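J.: Got a sequence here, can you model it:
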Amino acid sequence: MVASPAKFYTYGDQRFTFLESDYKAQTALLSVNYYFRGQAPVQELPPEPVQVVAPLAPVDSDGDGVPDNLDQCPNTPLGEPVDEVGCPLPPPPPPCKTPEAGERVSLSGCGTGDVIVLRGVNFDFNKSSLTANAMRLLDMVADELKANPHIDVEIGGHTDSKGADAYNQRLSEQRAQSVRGYLIGEGVAAGQLSARGYGENNPIADNDTEAGRELNRRVELKIIGTAPARVTRGVNPQVESNAAAQDASLADEPIQEDEDVSGTDDQSAPAANEQSPPNDDLDGLFDF
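T.: Numbering: from 1, shown residues only. Got it, this is the predicted structure:
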């Protein structure tokens, strides 16, 4: 075996001798060491900053608080209340009030506990029969109640303080029932109406004056609640109407009156010492 000829290599001021084969191996190793160890580590570039763009405020051209892309009623006047789609709110209903003479009764704006005085709903003297004018007024009341079948009302009868307490109580009950019967006859649902007599217990004016007593003699509608839309099952409207009319006609029967009572007071009652009608006779007329 012949050894490879020796060769001399210098590195700086040093001199080395390698065999030919060793030279190649050492050269490769030196190259690898230089590549991986001799260079500085590669620096990673920092990420580029991301520019944050603030979202644009929604456009509200008419300033009603609803953006244009949702506004179904553009150009609303400034300051006018609007709903969630930018349309003007409907005006609030008028407050519940007793109508003036000749005005139509309205239940708009009325809630539970509100009371409407039915001015002009009068009766024949010392009777529970309605006058012709009272019937005309009650026709309008019936129309309003039929237009609002979800509203339940109490018909309250009231008297002044003239006459015996028991007599006035009976008279007020019969008059309240008379009004209820008439309204049922005009098509108002019976379940929508109740009747109650208060006698002289709830005056709204001074009973010592004629003007005050006139105000105290009254019929009222009191809102007592609301109910879902009614569906009448198993009731013949004509039969119900006829029954109501019969009740009203029975209520027209005269009540025994005091000879000393002036006929100018259409709701006066007998004096305290006058005998009231027998209870049995009156109880047959109405369901209390």
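J.: got a list of what residue 153 touches?
T.: Counting by Cβ atoms under 8 Å, 6 or more residues apart in numbering, residue 153 touches 145, 192, 193, 194, 221, 222, 223, 224. C-beta coordinates here come from the backbone N, C-alpha and C atoms, glycine included.
J.: For the stretch 151-288 of the chain, just list every one of the strands.
T.: Here the stretch 151-288 of the chain has its strands, by DSSP state E, counting those that start in this stretch, at 151-158, 193-199, 218-226.
J.: winner for burial among these?
T.: Each of those was scored by mean neighbour count; the highest is strand 151-158, a mean of 23, by mean count of other Cβ atoms under 10 Å.
J.: angle of that one against strand 193-199?
T.: Interaxial angle, strand 151-158 versus strand 193-199 (axes from the mean of the first three to the mean of the last three Cα atoms, to 10 degrees): 20 degrees.
J.: Can you list the strands that strand 151-158 pairs with?
T.: strand 193-199 (parallel), strand 218-226 (antiparallel) (DSSP bridges).
J.: Could you pull up the mean pLDDT of it?
T.: For strand 151-158, mean pLDDT is 96.
J.: if we can go back for a sec, next, format the strands of the stretch 151-288 of the chain as a markdown table and append distance to residue 98.
T.: Formatted as a markdown table, those follow (distance: least, Cβ to Cβ, whole Å):
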| stretch | distance to residue 98 |
| --- | --- |
| strand 151-158 | 13 |
| strand 193-199 | 17 |
| strand 218-226 | 9 |
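J.: Which of those strands sits closest to residue 108?
T.: Residue 108 sits nearest to strand 151-158 of all the strands of the stretch 151-288 of the chain, at 10.5 Å, using Cβ to Cβ.
J.: wait, what's in contact with residue 119?
T.: Counting by Cβ under 8 Å, 6+ apart, residue 119 has contacts 98, 99, 100, 101, 218.
J.: what packs against the longest helix seen in the chain?
T.: Longest helix in the chain, counting residues (DSSP state H): helix 165-185. Helices and strands touching helix 165-185, by 3 or more Cβ pairs under 8 Å, 6 or more residues apart in numbering; DSSP states H and E, are helix 132-147, strand 151-158, strand 193-199, strand 218-226, helix 237-251.
J.: out of those, which comes closest to residue 168?
T.: strand 193-199 (4.4 Å).
J.: How about the secondary structure of residue 77?
T.: coil (DSSP: H, G, I helix; E, B strand; the rest coil).
J.: Could you tell me the backbone phi and psi angles at it?
T.: phi -60, psi 140 (degrees, to the nearest 10).
J.: Roughly how far does it sit from residue 83?
T.: Residue 77 sits at a distance of 15 Å from residue 83 (criterion: Cβ to Cβ, to the nearest Å).
J.: returning to that earlier point: can you redo the helices and strands packed on helix 165-185 as JSON lines with distance to residue 184?
T.: As requested, the helices and strands packed on helix 165-185 are exported to JSON lines (distance: least, Cβ to Cβ, whole Å):
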{"stretch": "helix 132-147", "distance to residue 184": "9"}
{"stretch": "strand 151-158", "distance to residue 184": "11"}
{"stretch": "strand 193-199", "distance to residue 184": "7"}
{"stretch": "strand 218-226", "distance to residue 184": "14"}
{"stretch": "helix 237-251", "distance to residue 184": "4"}
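J.: how about those, which one is nearest residue 66?
T.: strand 218-226 (32.0 Å).
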